[in-house]
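S.K.: Kindly return the folded structure for what I paste below:
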Amino acid sequence: MKTVLITGANKSIGYETARQLLQQGYSVYLGSRDLENGQEAVEKLKAEGLNQVEAIQIDVGNSDSVNAARATLGQKIQSLDVLINNAGISGGMPQAALTASIEQFQNVFDINLFGVIRVTQAFIDLLRNSPEPRIVNVSSSQGSLTLASDPANQYYHHKGAVYQPSKSALNMYTIALAYELRGLPFKVNAVDPGFVATDFNNQRGTGTVQEAGTRIAKYAMIGADGPTGKFISEEYNLETGEVPW
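M.R.: Modelled structure (predicted):
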């Protein structure tokens, strides 16, 4: 049975991704900053008959928490097949380029970029033990420099001077990570779940968590012939999924 760790999975898109992978026969470690919330999510999934799931306390913004999660997981499994870096924050509004505080930038980057780096570096040894390791970095089309600068883009006027750079930086990290792992059986991709109605955006999104979960799960399960080092947004490109950086 393949194993997957999903950060920020006690609710919303992460939770739905966990559900869909459980339905596909994966064993899921459901990462949650608050262990009680994670355990509540686990009980909800088990009530649906999805039993191969366990909560893991992990605060991606805290190195001690990440390392403790790695130690805990290492006592349970010898290899990790999939890492989904889902945890993220928006940074709140407003996010004007001239008035957003340095602290606001630091808080968002600490989760959306540095959190991904902390987790990836901590769990890379377990991933290397898998015959077909997969890393999915949950990004956003808002991180595309090309789309964000295009007046024809439907979200052109949706500017978040803090959130958008954090996802652009995450995309660049994904490129570098995929490059370093080239020649190995890894598949590393940045995946945009789409503009989904969640608490993250005060339910303003037009998509569903089910659609988002399907998009993420798809790239967690890709085969040896699947893409790596790509930026995927099926909301924009239904044919190949690829969108410009």
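S.K.: now for the longest helix along the chain, which elements pack on it?
M.R.: Looking across the chain with DSSP state H, the single longest helix is helix 163-180. Here helix 163-180 touches helix 102-112, helix 114-128, strand 134-138, strand 187-191, going by 3 or more C-beta pairs under 8 Å, 6 or more residues apart in numbering; DSSP states H and E. Where you see a C-beta, it was placed from the backbone N, CA and C, and this is true even at glycine.
S.K.: Could you pull up the residues touching A217?
M.R.: 17, 20-21, 24 (C-beta atoms under 8 Å, 6 or more residues apart in numbering).
S.K.: Okay, now the unreliable bits of the protein?
M.R.: Residue ranges of the chain with pLDDT under 70: 197-206.
S.K.: what's near enough to touch the residue most central in space within it?
M.R.: The centre of the chain sits closest to N86, judged by C-alpha atoms, centre = their mean, with a distance of 2.5 Å. N86 is in contact with 6-9, 13-14, 17, 138, 216, counting by C-beta under 8 Å, 6+ apart.
S.K.: for the protein, what spans make up the strands?
M.R.: Ranges of strands within the chain are 3-6, 27-32, 53-57, 82-85, 134-138, 187-191, 230-232, based on DSSP state E.
S.K.: Could I get the buried residue list for the last one?
M.R.: When burial is assessed from 16 or more other C-beta atoms under 10 Å, strand 230-232 yields the following buried residues: 230-232.
S.K.: so Y156 makes contact with D150?
M.R.: Yes. Shown here, Y156 and D150 form a contact pair, counting by C-beta atoms under 8 Å, at 6.4 Å.
S.K.: V188: what's it in contact with?
M.R.: V188 neighbours (C-beta under 8 Å, 6+ apart): 134-135, 137, 174, 177-178, 181, 228-229.
S.K.: So it versus E54, what's the distance?
M.R.: Counting by C-beta to C-beta, to the nearest Å, the gap from V188 to E54 is 25 Å.
S.K.: One more: N237?
M.R.: 35 Å.
S.K.: about what we covered before: format the contacts of V188 as a markdown table; extra columns: distance to V28 and neighbour count.
M.R.: Below are the contacts of V188 laid out as a markdown table (distance: C-beta to C-beta, whole Å; neighbours: other C-beta atoms under 10 Å):
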| residue | distance to V28 | neighbour count |
| --- | --- | --- |
| R134 | 14 | 24 |
| I135 | 16 | 27 |
| N137 | 18 | 26 |
| T174 | 22 | 27 |
| L177 | 22 | 22 |
| A178 | 24 | 20 |
| L181 | 23 | 19 |
| T228 | 23 | 20 |
| G229 | 25 | 17 |
